[in-house]
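> attaching a predicted model along with its sequence, questions to come.
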Amino acid sequence: MYKEGEIRLIALGLIRNGANQVFVSEGYDPVKQNTFYRAMGGGVDFGETSLEALKREFQEEIQAELQNIRYLGCLENLFTFNGKPGHEIIQLYECDFVDPKYYELQRQEFTEGERKKVAVWVDINRCKSGELRLVPEQFLDFV
C-alpha cells in the first residue's frame, strides 16, 4: 500500500495475447471519475528482487505461473489517484502465462488486499487511440 510521501517500487508484467491484446487490471479513480488499465503486478518487498515480486504477485492474485520472463526496463511514474499524489518506480517485464487457460479468459476476478478487482484482455489499438486509458502512459511505448 502507498504511504504518502514515499516512492514505491513495483514490478509489472506485460503479457500479450497475439499482436493486439494485453492483460491488464481495471482500476477506477473516484475523484477523476474515470476507468483506467494497468499491467498486473505489485509491490516489491524488502529482501525480494523485482523478478521474485512479479512471480509472487501473479501467484497471489490470480494463481498464475509465468514463463519466458524478459526484463524490458524501468519506468518512473508520477501520478494522482483518488486526489492524492503518488510516485512509483516500475520494473517492467514481458512474460507469458504457463497455463494456456489464461489466454481464453474474458475477465478474471481477484482480490487485492480488501479490494475486489478484475483483470481483462484489452485491445492495444483502443489504448493507443486514447479510447481506453492505459497507465502509466509510457507503457504504450512497450506495446
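Good, I have the coordinates.
> low pLDDT regions in this structure?
1-2 (pLDDT under 70).
> taking the centroid of it, which residue is nearest it?
Residue closest to the average C-alpha location in the chain (CA atoms, centre = their mean): residue 39, at 2.2 Å.
> need the contact partners of the longest helix anywhere in the chain.
Under DSSP state H, the helix in the chain containing the largest number of residues is helix 50-62. Residues from elsewhere that reach helix 50-62, judged by CB atoms under 8 Å, 6 or more residues apart in numbering: 9-13, 40-45, 48, 64-66, 69, 71, 91, 93, 95, 102, 108, 110-112, 119. Where you see a C-beta, it was placed from the backbone N, CA and C, and this is true even at glycine.
> so which bits of it are buried?
Neighbour counts over helix 50-62 (16 or more other CB atoms under 10 Å) mark 50-51, 53-58, 61-62 as buried.
> stretch 21-29 too?
Of the residues in stretch 21-29, those buried (16+ other CB under 10 Å) are 21-25, 27, 29.
> now, which of these lie within strands?
Members of the buried residues of stretch 21-29 lying in strands (criterion: DSSP state E): 21-25, 27, 29.
> just give me the closest of these to residue 86.
Residue 86 lies nearest to residue 29 out of these, by CB to CB, at 11.0 Å.
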